[in-house]
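In: build the 3D model from these lines:
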Amino acid sequence: MKIHCIGIGGIGVSALAQYYLAQGHKISGSDLAASEITDFLQKKGVKIFIGNKPENIKEGIILVIHSPAVKPENPEYKKAKELGIKLQSYPEALGELTKKYYTIAISGSHGKSTTTAMTGLLLAKAGLDPTIIVGTRLKELGNSNFREGKSKYLVIEACEYDGSFLQYSPSIIVVTNVDKEHLDYFKTFANVKKAFKEFIARLPDGGILIESKKVASKKDAEALKKLLKIPGEHNVSNASCALAVARALGVDDKVSFKSLSEYKGSWRRFEIVKEKPYTVISDYAHHPNEILATLTAAREKYPKHPSTPIRQAQGKRLRARKIWLIFQPHQHQRTHYLFNDFVKVFKKVKIDNIIITDIYDVAGREAEKINKTVDSQMLVKKIGRKNVKYMPIDAAEKFVKENIKSGEVLIVMGAGDVYKLSDEF
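Out: All right, here's what the predicted structure looks like:
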């Protein structure tokens, strides 16, 4: 069977493409630009087209899966429609898949990718052999966001945006947290909470609901904090959810704690990409609460300067290791709706030098009238701290390279293309 994917470079569609490839189908796909993901898929045998063109819809294709961002006027979408080829959005296609498995759906405003990764890898090490579809790349999966399993278990990341998770049919639902996120779609926090209630209502009789705020005992939390390689209280919470899933499926705690202790993190989730002469961390955080959690964890992980031996302090306060941040706001609408929350966070965090670059526009998800109401300069001015500056991304790179010193820490943060900067350092 021939399947074509529009927007195949996306973190979700690319995982589904690998699923169908593993099932023996011939896969092709297109995206507007080449990327690490399209290169990876091409090496696995996927036919990749750069650019959306009607001629990419070849004879014999019986299914076209598309990113939710793809509109009906897309030339490939239109061609498939004209030819009567079945069209499915990524959530529709994944939803169909969830009906064939015992599905464990990891949802929440923050922490979905990490919790999905922890859960999937834990179940794999426990011998449950799950299929995994996750919104980040994992070294344990050969730098992929997909794992082919042979059992009945499917572990997926279930995003709430656009009501996507309402397409899924899970047997276990994990809710990491519920926050004011994706307000460009939901408009109000009340609507966010309503969507999560509707999702939870999709559990069948005998289904299992796991909520982070209800699962972590003090004893478990203390144990997890000591053994986790990735920092932060939020990751203790994520690990607690993975542990709860494992217990629900009868996995021995010894196996679970060992697996969680071995988890090294994932792509752009506090990913340490370089450690000498200074440390560079790439992170996906783009919501105020995610930013606060990540930067708090960073300050905890790097409390003192590495060149200051403890014995030399002799009662004197150790010099704190300087932390730099280059942050790229993600989407004008998010910046608009959460403007005051961003201001509060950047006034609060104990980071030495903060550079905020221009807002990253998200294709198909921006409103022109909102674009004109907010920009990064306005955000910096409202924050009003001397150590918070606005710079275009190229200027930020140059400034940091000229001023960062050995032993210091640079965090490159955002959900847009700012992650490419981490390679430049």
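In: helix or strand with the lowest mean pLDDT in the chain?
Out: In the chain, no helix or strand scores lower on mean pLDDT, DSSP states H and E than helix 310-313, which sits at a mean of 46.
In: from what I see, M391 and F399 are in contact.
Out: Yes. Counting by CB atoms under 8 Å, M391 touches F399, with 6.3 Å between them. All C-beta atoms are positioned from the backbone trio N, CA, C, and that covers glycine.
In: hey, what's in contact with both of the two?
Out: I355 (CB atoms under 8 Å, 6 or more residues apart in numbering).
In: surely V174 is within a strand?
Out: Yes. Assigned with DSSP: H, G, I helix; E, B strand; the rest coil, V174 falls within a strand.
In: what's around it, how many residues?
Out: Around V174 there are 29 other residues, counting by other CB atoms under 10 Å.
In: wait, isn't it in contact with T103?
Out: No. Using CB under 8 Å, V174 is not in contact with T103, being 11.3 Å away.
In: is it true that E397 lies in a strand?
Out: No. Secondary structure of E397 (three-state DSSP): helix, not part of a strand.
In: in stretch 153-168, which residues are buried?
Out: 153-160, 162, 164-165, 167-168 (16 or more other CB atoms under 10 Å).
In: and that stretch, end to end?
Out: 14 Å (CA to CA, to the nearest Å).
In: low-confidence ranges in this protein?
Out: 306-319, 363-372 (pLDDT under 70).
In: repeat that with 50
Out: 310-314 (pLDDT under 50).
In: can you list the domain ranges for it.
Out: Using automatic domain parsing, the domain parsing of the chain gives 2-89, 99-262, 271-424.
In: circling back: and of the buried residues of stretch 153-168, the nearest to S406?
Out: Taking CB to CB as the measure, S406 sits nearest to E157 out of the buried residues of stretch 153-168, at 37.8 Å.
In: which parts of the helix ranked longest in the chain are buried?
Out: Ranked by residue count, the top helix of the chain under DSSP state H comes out as helix 233-248. Buried residues in helix 233-248, counted by 16+ other CB under 10 Å: 234-246.
In: and those, which is closest to L260?
Out: Nearest to L260 out of the buried residues of helix 233-248 is A239 (CB to CB; 5.1 Å).
In: for V280, which residues count as its bridge partners?
Out: In this entry, V280 is beta-bridged to K274, L410, by DSSP bridges.
In: just checking, it touches Y419?
Out: No. Counting by CB under 8 Å, V280 stays clear of Y419, with 10.9 Å between them.
In: shared neighbours, these two?
Out: Shared contacts of V280 and Y419 (CB under 8 Å, 6+ apart): V412.
In: quick revisit: got the buried residues of helix 233-248 as a markdown table, with distance to Q331 columns?
Out: Output for the buried residues of helix 233-248, formatted as a markdown table (distance: CB to CB, whole Å):
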| residue | distance to Q331 |
| --- | --- |
| H234 | 22 |
| N235 | 25 |
| V236 | 29 |
| S237 | 25 |
| N238 | 24 |
| A239 | 29 |
| S240 | 30 |
| C241 | 27 |
| A242 | 29 |
| L243 | 33 |
| A244 | 32 |
| V245 | 31 |
| A246 | 35 |
